[in-house]
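Enquirer: what would the 3D arrangement of this be:
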Amino acid sequence: MTTTKATKKRTPRFPRLPKGPNGGIQLMLIQNVEHLGKAGEIVEVKPGHANNYLLPEGLAIISNEHHKRMVEKHRAKLLELERKRLSDLRSQADQIGKQSINVEANANEEGHLYGSVGSAEIVAALRANGYQVGPDNVKLDGVLKELGLYTVKIQLHPEVTTDLKVWVVPAASN
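Expert: Numbers count the residues shown, from 1 in each chain. Got it, this is the predicted structure:
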């Protein structure tokens, strides 16, 4: 005699994510994501990138017809907001470009620093002057190891970049 075990149909805890034509997951971006796309675009990414980064961080949503209609309806508003944000960033970049900041560091008589000046020190000096930038906005070729004047690139947005003059000066003696 054979016994049959009652099998319960398993329902997935999460809805299946829509597959794209290349086998990836199709998502609609809510915010601009560097190296991926702009807000409102439909992108195809690997399942791990979607499940571990884009969806939990709120950068993207599942692409469906309702979301596509909503984005089309608000695309003009999104473009206007992005345009305003870019103009604000450009004006901030112009103000930063006119600045010249001093960063104090301990150095020997020849002008070689005992340590180095990196993006954290430059960001601290900019914040002291009232500019809100992060260490990822400062683009250095390498750390600064000598006293002198350096030109450092500040990238506030992929389309907005400016140059900042940084003076590395010896620290005041106590």
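Enquirer: C-alpha only now, for contacts and for neighbours.
Expert: Noted.
Enquirer: let me see the domain layout of the chain.
Expert: 25-90, 94-170 (automatic domain parsing).
Enquirer: what's the least confident helix or strand in this protein, going by average pLDDT?
Expert: None of the helices or strands of the chain scores lower by mean pLDDT, DSSP states H and E than helix 65-97, at a mean of 85.
Enquirer: what strands line up against the following helix or strand past that one, and which way round?
Expert: Next along the chain after helix 65-97, taking DSSP states H and E as the criterion, comes strand 100-105. Strand 100-105 pairs in its sheet with strand 160-170 (parallel), by DSSP bridges.
Enquirer: what's the partner strand in contact with?
Expert: With contacts defined as Cα atoms under 8 Å, 6 or more residues apart in numbering, strand 160-170 is touched by 86, 89-90, 93-94, 96-107, 117, 122, 146-155.
Enquirer: same thing with stretch 26-42?
Expert: The contact list for stretch 26-42, computed with Cα under 8 Å, 6+ apart, reads 17-20, 43-45, 50, 58-63, 71, 75, 158.
Enquirer: are any of the residues you listed buried, and which?
Expert: Neighbour counting by 16 or more other Cα atoms under 10 Å classes 43, 44, 45, 50, 59, 60, 61, 62, 63, 71 among those as buried.
Enquirer: on that earlier part again, which of the contacts of stretch 26-42 fall within strands?
Expert: Of the contacts of stretch 26-42, the ones assigned to strands by DSSP state E are 43, 44, 45, 60, 61, 62.
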